[in-house]
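Undergrad: next input, structure requested:
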Amino acid sequence: MAATGKIPATVITGFLGAGKTSLIRNMIERSGGRRFAFIINEFGDLGVDRELIRDCGVEGCEDDDIIELTNGCICCTVADDFLPAIAALLDRPEPPEHIIIETSGLALPKPLVKAFSWPDVRTRATVDGVVAVIDAAAVAAGRFATDPAAVQAQREADDSLDHDSPLEELFEEQIGCADLVVLNKVDLVDTDTLDALRAEIARHLRPAVKIVTATGGHLDPAVLLGLDAAAEDDLDSRHSHHDDGHEHDHDDFTSIVVEFGPVVDPDALESRIKDVAGRHDILRVKGFVDVPGKAMRLVVQGVGDRVQRYFDRPWAANERGTSRLVVIGHAGFDTTAVSRELAG
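TA: Model (predicted):
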């Protein structure tokens, strides 16, 4: 419990593929028996993140402790989806000790923080902290960045790039609301690049907000939890581009689910994902693949031209035979072509 006697909640925000789910899985594995509950919000129609958390294999991480919200980004459906989900957890005979909220990569964190000021919630729960997870390699490449100095000249020289894109605005929203920033995947950048990223990100943070580094989302939960930020009481310091009442528009992004059969050659699939991502401006690919001769499910996660693959658990008897990937990209990408090319 927080010092106020309220149940603490941690909001995990960060752009697509930053490593939020990996961070949460690590937190579960090192929970020390703490009773967590999770609210998971995905952009897309296939609950990949929920599956990855549910199948962490840690005793005490049960289906009933994971609530998935798929009716759109929860920052836009606070009253209809998010508040009822929080209330359901708080109303349990044995409420959780800590609530973890993983936002969609396209969600604004501030509306979620503000929801903790609502009458049904504010006396029983508090935002212990907003944790922003950043993909170091992606930001260094200027992909999801606020124009870091290290890549600014290159970006300005390329007339094909949108230098004031919604992605950059989302990035600013997420780190501007943060109580802690996790610079993840630092193993993919060199020391000079990491120093430049730290300096650039620090310019956009509120006073006293710290940056910590991680590889694969591996951090001691003691670093992430117990921040006691009471963020709902500190909204004015968390600047948002949307404070003037403008709506948060997701029309710039499209997601599809691509289904196909078993994949004999995962290497060839990875090559297709990289090729499709480059030619169709795909932001994120994630899902599960059936590999003949393998008893375990293959998890595939792609960010730009970087693809991660690993086997996570045995297939259930009724799951085999179909591979499914969620593809998220800028609105207007050729969904038919992407589906055909990924299916091979």
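
Undergrad: just checking, next helix/strand downstream of the lengthiest helix in the chain?
TA: As assigned by DSSP state H, the longest helix anywhere in the chain is helix 266-280. Downstream of helix 266-280, the first helix or strand assigned by DSSP states H and E is strand 282-289.

Undergrad: so what does that following strand touch, helix or strand wise?
TA: Judged by 3 or more C-beta pairs under 8 Å, 6 or more residues apart in numbering; DSSP states H and E, strand 282-289 is in contact with helix 48-54, strand 253-260, helix 266-280, strand 296-303, strand 323-330. Where you see a C-beta, it was placed from the backbone N, CA and C, and this is true even at glycine.

Undergrad: poorly predicted segments of this structure, please.
TA: 1-4, 42-65, 68-80, 143-167, 241-252 (pLDDT under 70).

Undergrad: all the strands of it, residue numbers only.
TA: 7-14, 36-41, 66-69, 98-102, 125-135, 180-184, 210-213, 253-260, 282-289, 296-303, 306-314, 323-330 (DSSP state E).

Undergrad: would TSV of those strands with mean neighbour count and distance to Arg238 be doable?
TA: TSV is the format used below for the strands of the chain (neighbours: other C-beta atoms under 10 Å; distance: least, C-beta to C-beta, whole Å):
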stretch	mean neighbour count	distance to Arg238
strand 7-14	26	11
strand 36-41	25	19
strand 66-69	20	22
strand 98-102	25	16
strand 125-135	26	8
strand 180-184	24	13
strand 210-213	16	16
strand 253-260	18	23
strand 282-289	23	25
strand 296-303	20	26
strand 306-314	15	31
strand 323-330	22	26
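
Undergrad: these: which one's closest to Asp267?
TA: Of all the strands of the chain, it is strand 306-314 that lies closest to Asp267, at 9.1 Å by C-beta to C-beta.

Undergrad: returning to that earlier point: adding distance to Ala18, write the helices and strands packed on strand 282-289 out as a markdown table.
TA: Formatted as a markdown table, those follow (distance: least, C-beta to C-beta, whole Å):
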| stretch | distance to Ala18 |
| --- | --- |
| helix 48-54 | 12 |
| strand 253-260 | 16 |
| helix 266-280 | 16 |
| strand 296-303 | 8 |
| strand 323-330 | 13 |
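
Undergrad: ok now stretch 105-125, how far from the chain's centre?
TA: Remark: stretch 105-125 is offset 18 Å from the chain centroid, using C-alpha atoms, centre = their mean, to the nearest Å.

Undergrad: about what we covered before: quick one: which of the strands of the chain is nearest Ala231?
TA: That would be, of the strands of the chain and by C-beta to C-beta, strand 125-135, which comes in at 3.8 Å.

Undergrad: neighbours around Asp236, how many?
TA: 7 (other C-beta atoms under 10 Å).

Undergrad: and it, how far is that from Arg206?
TA: 11 Å (C-beta to C-beta, to the nearest Å).

Undergrad: okay, now Pro207: neighbour count?
TA: 5.

Undergrad: oh, and call the first residue 579 from now on, that's how I've got it
TA: Understood, numbering begins at 579; the last thing we discussed is Pro785.

Undergrad: still on that earlier bit, export the strands of the chain to JSON lines and tack on distance to Leu803?
TA: Formatted as JSON lines, the strands of the chain follow (distance: least, C-beta to C-beta, whole Å):
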{"stretch": "strand 585-592", "distance to Leu803": "6"}
{"stretch": "strand 614-619", "distance to Leu803": "10"}
{"stretch": "strand 644-647", "distance to Leu803": "18"}
{"stretch": "strand 676-680", "distance to Leu803": "6"}
{"stretch": "strand 703-713", "distance to Leu803": "6"}
{"stretch": "strand 758-762", "distance to Leu803": "10"}
{"stretch": "strand 788-791", "distance to Leu803": "13"}
{"stretch": "strand 831-838", "distance to Leu803": "31"}
{"stretch": "strand 860-867", "distance to Leu803": "26"}
{"stretch": "strand 874-881", "distance to Leu803": "25"}
{"stretch": "strand 884-892", "distance to Leu803": "25"}
{"stretch": "strand 901-908", "distance to Leu803": "29"}
